[in-house]
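Engineer: sequence first, predicted model second:
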Amino acid sequence: MNGGDSARTDPGPAPTDAPTNLDGSAGADRAALAEAAGGNGTALDPGAETDIWTGRTHWQHYAGRLALWLIGNLAVIVLVIWLARRIEWLTFKAGFAIAAVILVVSGLEMVVRRVFLNILSHRYRLTTQRLFIERGILSRTIDQTELIRVDDVRLHKSFLDRMFRLGSVAVVSTDATDREIVIEGIAEPEKVAEAIRTRMRAMRSKSLFIENL
């Protein structure tokens, strides 16, 4: 055996590119920071974002407006019938045609545009990090608000909303474009409001913890 072989030194472990602290220890990676923050990393990892709730405005939220529209049209029909008995040129057939036109035009405005299309064109989605509001039918606009920017959450219920167990959730944030977002006329509004509060507080606590590391 060659004596030079026994004198060969061990090169030791291969150097790594991992960042080190001042004391030479390897720096904590992203997952370790998230775990230290007491969560699953959703405040740091965008890939961990998951849906919590999706919904639309319930049609019963517009029950009061629909009732007023119906009462108003019935009043018009009664008025036309009453006038048809007292005005010679206004026959019953003409009065019926006038009432039908008023009913159709007002129905297109109230039932179709202000209720049906409004429900169809608005969709709400809440994730573990953001609140999305999708607007539009053919073309679509999506507004999003980071839950960490939320300052206050308010819950409002009208008299009819309470009857149908509905409500509206107002979200006040520091967002420059949407300082107040209203999730209008949804079912189980208390659960949605509490979910927003819970996620907002969790994200803020994780952010503050990581900033203090």
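Structural biologist: Cool, got the structure. Numbers count the residues shown, from 1 in each chain.
Engineer: burial count for residue 150?
Structural biologist: Residue 150 has 22 neighbours, counted by other C-beta atoms under 10 Å. All C-beta atoms are positioned from the backbone trio N, CA, C, and that covers glycine.
Engineer: and it, how far from residue 134?
Structural biologist: As defined by C-beta to C-beta, to the nearest Å, residue 150 lies at a distance of 19 Å from residue 134.
Engineer: next: residue 118.
Structural biologist: Applying C-beta to C-beta to residue 118 and residue 134 gives a distance of 13 Å.
Engineer: again, but for residue 73
Structural biologist: Taken as C-beta to C-beta, the span from residue 73 to residue 134 is 33 Å.
Engineer: try residue 203
Structural biologist: Using C-beta to C-beta, one gets 22 Å for the distance from residue 203 to residue 134.
Engineer: check residue 199 too.
Structural biologist: Relative to residue 134, and taking C-beta to C-beta, residue 199 is found at 19 Å.
Engineer: more neighbours, those two?
Structural biologist: residue 199 (22 against 16).
Engineer: got a list of what the more buried one touches?
Structural biologist: By C-beta atoms under 8 Å, 6 or more residues apart in numbering, the contact set of residue 199 is 52, 128, 129, 147.
Engineer: let me see the domain layout of this structure.
Structural biologist: Domain assignment for the chain by automatic domain parsing gives 51-57+124-134+141-211, 61-118.
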